[in-house]
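**Q** sequence unknown, structure follows:
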Ligand code: CIZ
Ligand code: SF4
């Protein structure tokens, strides 16, 4: 505990000294989220993180999340320095969609509008017509469908299938998945529902279809947090990274949140549903974030310019 508060005090002083702001994702360790809030930074989903970083006056952004979030911040604010606790924090969706293979796939389907999820490299975004996050994927694809466009979707096949089903659009899917959400099991959620009959089921659409079908609410992280606040239920079963419980519990101190079971887990597994890359953001690597030379985000300028176009479309998109 003493060590933790020493670290926190040191990081607070450093942020001030360097005119830097800490932007953390909902899936990071609660202690990082707490620190972001205490220092005037923000805790958010990837879209809000990008917006916050762009609007905040600090010269340096410290992005506690995974690499694509740092890259997006750099693309949107090329004049700012973007540092991350570690550049090794990546994402299975990003890894599973290499830019060269993806570009070939796009070349094979020139008649399709390319929509990529934010969880991709700058090079993949540069090849896209649209970037979306889970909070606006449905709205964007619905809009494109109305315009008569056929979609090529990458990389998350579960989110893509969900979007396809909800909008009825013609969607061709890349075969990618999130290693965290893919593990949630419908059977385990049904067992938990039997145990807590009053609980509402909140599901992130990166989960498999059978899990999505059990949901009372399907949505992005910020949409699920909002659902926890607004639904009358006192209990919830939540199928997304358990880092989100920090914000849910903070907003709803009287409500009870159960993590949805994953493969091989008992009905109340607390060690799973936790992204290993998000977990790499810790107090120790945050404390020396300004000293190291291996943790700054750089994006090739030409690439950044290309990736900026679909990103700008996302930020400017209105229903
Ligand atoms: O699963 C992720 O990495 C999510 C939900 C990112 C985000 O905030 O859009
Ligand atoms: Fe990627 Fe899944 Fe981790 Fe999110 S939770 S960063 S989608 S691996």
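**A** Yes, it's here. If you're wondering where the values come from, they're calculated on a predicted model, not measured in any experiment. Ligands and ions are numbered 1, 2, ... in the order given.
**Q** helices or strands up against the lowest-mean-pLDDT helix or strand in the chain?
**A** Across the helices and strands of the chain, mean confidence by mean pLDDT, DSSP states H and E is lowest for helix 46-55: a mean of 91. If contacts are counted by 3 or more Cβ pairs under 8 Å, 6 or more residues apart in numbering; DSSP states H and E, helix 46-55 sits against strand 20-25, strand 42-44, strand 60-64, helix 67-76, helix 301-316. Bear in mind the C-beta positions are built from the backbone N, C-alpha and C, glycine included.
**Q** Rebuild these as JSON lines, extending it with mean pLDDT and distance to ligand 1.
**A** Output for these, formatted as JSON lines (pLDDT from 0 to 100; distance: least, Cβ to the nearest ligand atom, whole Å):
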{"stretch": "strand 20-25", "mean pLDDT": "98", "distance to ligand 1": "6"}
{"stretch": "strand 42-44", "mean pLDDT": "97", "distance to ligand 1": "8"}
{"stretch": "strand 60-64", "mean pLDDT": "98", "distance to ligand 1": "12"}
{"stretch": "helix 67-76", "mean pLDDT": "96", "distance to ligand 1": "8"}
{"stretch": "helix 301-316", "mean pLDDT": "96", "distance to ligand 1": "11"}
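**Q** and these as JSON lines, adding mean neighbour count and distance to ligand 2?
**A** JSON lines is the format used below for those (neighbours: other Cβ atoms under 10 Å; distance: least, Cβ to the nearest ligand atom, whole Å):
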{"stretch": "strand 20-25", "mean neighbour count": "26", "distance to ligand 2": "8"}
{"stretch": "strand 42-44", "mean neighbour count": "22", "distance to ligand 2": "14"}
{"stretch": "strand 60-64", "mean neighbour count": "27", "distance to ligand 2": "12"}
{"stretch": "helix 67-76", "mean neighbour count": "25", "distance to ligand 2": "8"}
{"stretch": "helix 301-316", "mean neighbour count": "16", "distance to ligand 2": "17"}
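**Q** Residue 261 is nearest to which of those?
**A** Taking Cβ to Cβ, strand 20-25 is the member of those nearest to residue 261, at 23.3 Å.
**Q** centre of the chain versus that closest one, how much separation?
**A** With Cα atoms, centre = their mean, to the nearest Å as the basis, strand 20-25 stands 14 Å off its chain's centre.
**Q** What are the contacting residues of it?
**A** 11, 14-15, 32-33, 35-36, 39-46, 49, 52-53, 56, 58-66, 69, 73, 83, 243, 278, 281, 286, 290 (Cβ atoms under 8 Å, 6 or more residues apart in numbering).
**Q** Out of the helices and strands packed on helix 46-55, which gets nearest to residue 138?
**A** helix 301-316 (13.2 Å).
**Q** Give me the helices and strands touching the closest one, please.
**A** Counting contacts by 3+ Cβ pairs under 8 Å, 6+ apart, helix 301-316 packs against helix 46-55, helix 67-76, helix 122-126, strand 130-132.
**Q** List of residues touching the second one?
**A** Contacts of helix 67-76 from elsewhere in the structure, counted by Cβ under 8 Å, 6+ apart, are 23, 25, 46, 49-50, 53-54, 61, 63, 80, 82-84, 87, 89-91, 94, 118-122, 125, 297-299, 304, 307-308, 311, 315.
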